[in-house]
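[1] Fold the following for me, if possible:
(2 chains)
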Amino acid sequence: MTTRARKFVGIALALVGIYAVVCVGLFWAMCQPPDDFGRIMKHVPMPSMMVLPFRPLWMVARGGGLSAGDEAPDFELLTHDKSETVRLRDFRGEKPVVLVFGSYT
Amino acid sequence: MVYIQEAHPSDLWQLPSNVKDEVIFSSPKTFDERVNVANACVRDLGIEFPALLDNIEDSTEQAYTGWPDRLYVIDQQGRVAYKSDPGPFGFTPDAMEEALKKVLESGGAAASLLPYRAGASSPQGNRQSRRKE
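    Residues are numbered from 1 along each chain as shown, chains lettered A, B, ... in the order given. Coordinates of the predicted model:
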C-alpha cells in the first residue's frame, strides 16, 4: 500500500469512527427523559439530521415496553377543563378506547 | 387525547415551523401551566374528542412511552390492541383507524352478549360507540 493510500484509509476509518461515536451519542440522548433530550437537541444543528440515522435510532430508543396484547396500564386523569376525572379501567367491558398522546408544539 | 409534555417548547428543542406558525410555549413546569397550554391546544386546534391532562410527573406518558406523540387502541378487555411507532414518524391515524375497526368488529360480537349492548351490533351502531380519549 502506498503512503497516499494508507493516508486515505486512515482518514476514512477516522471518519467512520467519528460517525459511529456521534450515532451512539445520539442514541444515548434519545434514551434520556424528553426534557433532557430536548436540552441536548437544542444545540444540535438541524442539517446534521440529514446525515444521521435519526429515524431508525428513534424507533428503537422510543420503542417502549408495551406490546399488543399487554394489559393497558390504568390511569385516572383530569379532563382539560378539570371538570371530571376519567379512568381507563371504567371502559373495560364497555367499549374500546383510542389514546392519542400529544402536545401543542 | 392525552395531553403530555410539550414536544418542541421554546426553552428546549424549538422548531422553526412552530415559530413560523407562532405556536410558542415554554415547557410547563407546574400542573397549572400544563393546564393552560393544554387548553390553548384544545381551543386553537379545535379538538373535539375528550382531552385528558397527564400529571406533571408524566406517569401516563412514561407508562405508554407516549412522547412526543403516539397512538394506541385499547380493546374492550383493557388490552393493547394497537400501538403505533413513536411519533412523529409513527403517528399514522389510518393504521389506527384500521385497528379500531378490527377491534369493533371482533369485540362487538363479544360485547353484544352484554344486555346493554343489545341492538348495538350494526356497524353504524359500533361506529357511534367509539370514544376517543
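[2] the strands in chain B, which residues?
    For chain B, applying DSSP state E gives strands covering B:2-3, B:52-53, B:70-74, B:80-83, B:131-132.
[3] Pick the most deeply packed of the ones you listed.
    Neighbour counts (mean count of other Cβ atoms under 10 Å in any protein chain shown) averaged over each of the strands of chain B peak at strand B:2-3, with a mean of 27. C-beta coordinates here come from the backbone N, C-alpha and C atoms, glycine included.
[4] How about that one and chain A, touching?
    Yes: under the criterion of Cβ under 8 Å from any Cβ of the partner chain, strand B:2-3 makes contact with chain A via B:Val2, B:Tyr3.
[5] Show residues contacting that strand.
    A:77, A:80, A:99-103, B:34, B:37-38, B:41-42, B:51-54, B:60-61, B:64, B:66, B:133 (Cβ atoms under 8 Å, 6 or more residues apart in numbering or on different chains).
[6] Recalculate using a threshold of 7 Å.
    Counting by Cβ atoms under 7 Å, 6 or more residues apart in numbering or on different chains, the neighbours of strand B:2-3 from elsewhere in the structure are A:80, A:99-101, A:103, B:38, B:41, B:51-54, B:60, B:66, B:133.
[7] repeat for stretch B:46-59
    For stretch B:46-59, contacts defined as Cβ under 7 Å, 6+ apart pick out A:77-80, A:86, B:1-5, B:30-31, B:34-35, B:38, B:42, B:60-61, B:132-133.
[8] quick check: mean pLDDT across it?
    The average of the pLDDT scores along stretch B:46-59 is 94.
[9] Helices - which of the contacts of strand B:2-3 land there?
    Filtering the contacts of strand B:2-3 for membership in helices, criterion DSSP state H, returns B:Ala38, B:Cys41, B:Thr60.
[10] Of those, which is the nearest to chain A?
    Lowest distance from chain A to the ones in helices among the contacts of strand B:2-3 (Cβ to the nearest Cβ) belongs to B:Cys41, with 3.8 Å.
[11] hang on, the closest one packs against A:Tyr104?
    Yes: taking Cβ atoms under 7 Å as the contact criterion, B:Cys41 and A:Tyr104 are neighbours in contact, 3.8 Å apart.
[12] what's the nearest residue to B:Pro9 once chain neighbours are set aside in contact with, if anything?
    Excluding its sequence neighbours, the residue lying closest to B:Pro9 (Cβ to Cβ, 6 or more residues apart in numbering or on different chains) is B:Ser27, at 3.9 Å. Taking Cβ under 7 Å, 6+ apart as the definition of contact, the neighbours of B:Ser27 are A:Asp35, B:Gln5, B:Glu6, B:Pro9, B:Asp11, B:Leu12.
[13] Over to B:Ala99?
    So B:Ala99 contacts B:Val73, B:Ala81, B:Tyr82 (Cβ under 7 Å, 6+ apart).
[14] Check residue 99 and give its pLDDT.
    Reading this off chain A. Each residue has a pLDDT score; the one for A:Leu99 is 97.
[15] my bad, the chain I had in mind was chain B
    Predicted confidence (pLDDT) for B:Ala99: 94.
[16] quick one: it from B:Glu57, how far?
    According to Cβ to Cβ, to the nearest Å, B:Ala99 and B:Glu57 sit 29 Å apart.
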